[in-house]
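> From the sequence below, what's the structure:
(2 chains)
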Amino acid sequence: MRVPISEVEKIAALSRLSFSDQEKRQYQHHLEEVLKTAQKLDELDTSGIKPTAHIQGIENVQRADVVKESMDNELLTMNAPEKENGCFIVPKVVE
Amino acid sequence: MKAYELTMKQMMDALGKKELSAYELVTSLIGRIEEKEPGVKALNCVCADEAIAQAKASDERRAGGKQKGVFDGIPVIVKDNICTKGVKTTCSSKMLENFVPPYDAHVIELFQNKGIITLAKSNLDEFAMGSSTENSAFQASANPWDLRRVPGGSSGGSAAAVSAGFSSFALGSDTGGSIRQPASYCGVVGLKPTYGAVSRYGLVAFASSLDQIGPLTRTVEDAAFAMGTIYGYDKRDSTSMNIGYPDYTRAIGKDIKGMRIGLPKEYFGAGLDSDVKDAVDKAVSTMQSLGAIVEETALPTFAYALLSYYIISSAEATSNLSRYDGVKYGYRAKDFDGIVDMYIQTRNEGFGPEVKRRMMLGNYVLSSGYYDAYYLKALKVRTLIKQDFDRLFEKYDCILSPTAPTPAFFAGEKSDPMQMYLTDIYTVPVNIAGLTAVSVPCALSAQGLPIGIQLIARPMGEETMLSVAYALEQTSPAIGAPAFAGGGM
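Model (predicted):
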């Protein structure tokens, strides 16, 4: 299973990561190795088999739509790298 | 006998009879930590002042006859990916190096209701991704039996801490074997509860459909008591099971005569160390001598479990880790150009190599063009693995296998990620199928290293499993603890 460097770059961008050329080759090698091994899964016939995303098969756990008190703003923002007046500070988003 | 050498049950008894105060207990453990932690490096932080204050409060409650039940005053060490309000929860990652949770995990709330004292936070592979606790951003933990070797992972800090006598009880988390494999390496008992039995509220998510919090202790009886402190329904975890939970201590001392135990032959293939194989063979004879019916059986999908595990867990991990963006909490890079670059530089600098490897694999298998071939395929294989186990549990009460292919390996020995992944080959199928399993120390290798045996049971089969585990423990040669024999440390 070949994974071209352009594919590594695309996946890195999706992951919000960036790599040096050497790192790209390392991740390329790792991906190729895992995917090569993963081809073994094709030995199993899974036609007509339903996927299991979740082992308990629980669906749509719901609760009553009741307004509750939420956590204090100060507590929620206390770990923010940068904040002001109870808001998170981020670089400019819209040009 | 020093207070730190007591099992949790002995601690409970001594506290109950007022032969020992919680203050004496906590200070004994802190003394032990101060003496041995420089070599073991199991802990990210010790909450000494807070623990002593809580111990004094516990003693006051007991003196006034107002103790919060049988566990009041029992200390616990908590894996550093479980949120503790006001106490740093780092996941051993630079990303969360200074993160102080504004809330407690459900299990920590339960501890507080019971008077259980959080003594320290233990080291782990970054975000619980790894099998040796070498992937911590802060320090590599050592195995108390031989400090040159790894304690296993990712709950290596918790396993090493219990083994070294820092606590009789620690919490770990198990996504693919992260409680059982280090328990096996460190000669302690490690239990992975049925998926849904313990609330994941406040457990920093790695792979949500596989993660489960569980106990590490030095005895099976303690594991049964420890389970009693953490299980139960919690509406804040939508996968938490709202059912009646048994008193797991009923399992202790139960006759296992007539119990049907299966040995899937796939667990005894290439790569299995001969000392480990001998330990399993002895365990099988022991089980038979106690009247259990042990039979060889088959789990045909075993060979596909590890691959599906890495695909599924990495896909879920990359989704869970997308929240680390340098905005709401955690690390933020200093130099960047605009918001997208801030995300990228923050994540480049905040995450370690193994975490990045998993995210890359996860995003690859989830991306269009590969989703069906890898991710969907792995989910279908998951169905087949579950069906395989369902068939086995129609016939057997329990499955017996080695916990890991070998005893603890040397630090730095497994630099190839694929080699590291293979150390979890016997533990991942349990998470894939949502089962419960426990590792029980049963023997020492020729080199004097502990070997664990894994017992697996159907969902909510903890009680049956613990009765077999207890019988196995009681009939195995006592391997002791390095902490008290003056061995490895």
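> residue ranges with poor pLDDT in the stretch 51-200 of chain B?
Applying pLDDT under 70 to the stretch 51-200 of chain B flags no residue at all.
> What parts of it come near chain A?
Residues of the stretch 51-200 of chain B lying close to chain A (Cβ under 8 Å from any Cβ of the partner chain) are B:98-100, B:102-103, B:195-196. Where you see a C-beta, it was placed from the backbone N, CA and C, and this is true even at glycine.
> need the helices for chain A, in chain order.
Taking DSSP state H, the helices of chain A run over residues A:5-14, A:21-38, A:73-77.
> These: which one's closest to chain B?
Nearest to chain B among those is helix A:73-77; the distance by Cβ to the nearest Cβ comes to 3.8 Å.
> and that closest one, average pLDDT?
Mean pLDDT, helix A:73-77: 94.
> and it, anywhere near chain B?
Yes - residues of helix A:73-77 are located near chain B by Cβ under 8 Å from any Cβ, namely A:75-77.
> ok, of those residues, which come out buried?
Among these, those buried by neighbour count (16 or more other Cβ atoms under 10 Å in any protein chain shown) are A:76-77.
> Tell me where chain A is predicted with low confidence.
For chain A (pLDDT under 70), the answer is none.
> Show the contacting residues for residue B:198.
Neighbouring residues of residue B:198 by Cβ atoms under 8 Å, 6 or more residues apart in numbering or on different chains: B:107, B:212-214, B:230-232.
> Those residues of the stretch 201-350 of chain B touching chain A, which are they?
Contact residues, the stretch 201-350 of chain B versus chain A (Cβ under 8 Å from any Cβ): B:209, B:235, B:238-239, B:241, B:301, B:303-304, B:307-308, B:310-311, B:318, B:322, B:325-332, B:336, B:338-340, B:342-344, B:347-348.
> Are any of those buried, and if so which?
Buried by 16+ other Cβ under 10 Å: B:209, B:239, B:241, B:301, B:304, B:307-308, B:310-311, B:318, B:325-327, B:329-332, B:336, B:339, B:342-344, B:347-348, out of these.
> re the thing from before, for residue B:367, find the nearest of the helices of chain A.
Taking Cβ to Cβ, helix A:5-14 is the member of those nearest to residue B:367, at 6.5 Å.
> Tell me which other helices or strands that closest one touches.
Here helix A:5-14 touches helix A:21-38, helix B:353-366, going by 3 or more Cβ pairs under 8 Å, 6 or more residues apart in numbering or on different chains; DSSP states H and E.
> what's the angle from that helix to helix A:21-38?
For helix A:5-14 against helix A:21-38, the angle by axes from the mean of the first three to the mean of the last three Cα atoms, to 10 degrees is 100 degrees.
> Helix A:5-14: which residues count as buried?
So, applying 16+ other Cβ under 10 Å, buried residues of helix A:5-14: A:7-8, A:11-12, A:14.
> And these, which is closest to residue B:284?
Nearest to residue B:284, judged by Cβ to Cβ, of the buried residues of helix A:5-14 is residue A:11 at 45.9 Å.
> List of residues touching stretch A:26-35?
Under the criterion Cβ under 8 Å, 6+ apart, residues A:1-3, A:5, A:8, A:11-12, A:19, B:310, B:356-357, B:360-361, B:364, B:374, B:417-418 lie in contact with stretch A:26-35.
> List the buried residues for it?
By neighbour count on 16+ other Cβ under 10 Å, the buried set for stretch A:26-35 is A:26-28, A:30-31, A:34-35.
> Pull the contacting residues for residue B:377.
Residues near residue B:377 by Cβ under 8 Å, 6+ apart: A:41-42, A:46, B:311.
> Touching, residue B:179 and residue B:217? I think so.
No - the criterion here is Cβ atoms under 8 Å, and residue B:179 misses it with residue B:217 at 10.9 Å.
> Could you check which of the two is surrounded by more residues?
Set residue B:179 next to residue B:217 and count neighbours by other Cβ atoms under 10 Å in any protein chain shown: residue B:179 wins out with 34 against 25.
> ok, now which ones touch the more buried one?
Contact analysis of residue B:179 by Cβ under 8 Å, 6+ apart lists B:155, B:158-159, B:172-173, B:190-192, B:214-216, B:439.
> Now the two most distant members of these.
With Cβ to Cβ as the measure, no two of those lie farther apart than B:173 and B:439, at 14.7 Å.
> burial measure for the residue nearest to residue B:366 when sequence neighbours are not counted, as a count.
Ranked by Cβ to Cβ, 6 or more residues apart in numbering or on different chains and with sequence neighbours excluded, the top spatial neighbour of residue B:366 is residue B:315, at 5.2 Å. Residues lying near residue B:315 (other Cβ under 10 Å) number 25.
> Go ahead and list the helix or strand containing residue B:35.
Here residue B:35, judged by DSSP states H and E, is contained in helix B:22-40.
> buried residues in that helix?
B:22-30, B:32-33, B:36-37, B:40.
> Dump those to TSV, plus pLDDT.
Shown next, in TSV, are the buried residues of helix B:22-40 (pLDDT from 0 to 100):
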residue	pLDDT
B:22	98
B:23	98
B:24	98
B:25	98
B:26	98
B:27	98
B:28	98
B:29	98
B:30	98
B:32	96
B:33	97
B:36	95
B:37	97
B:40	97
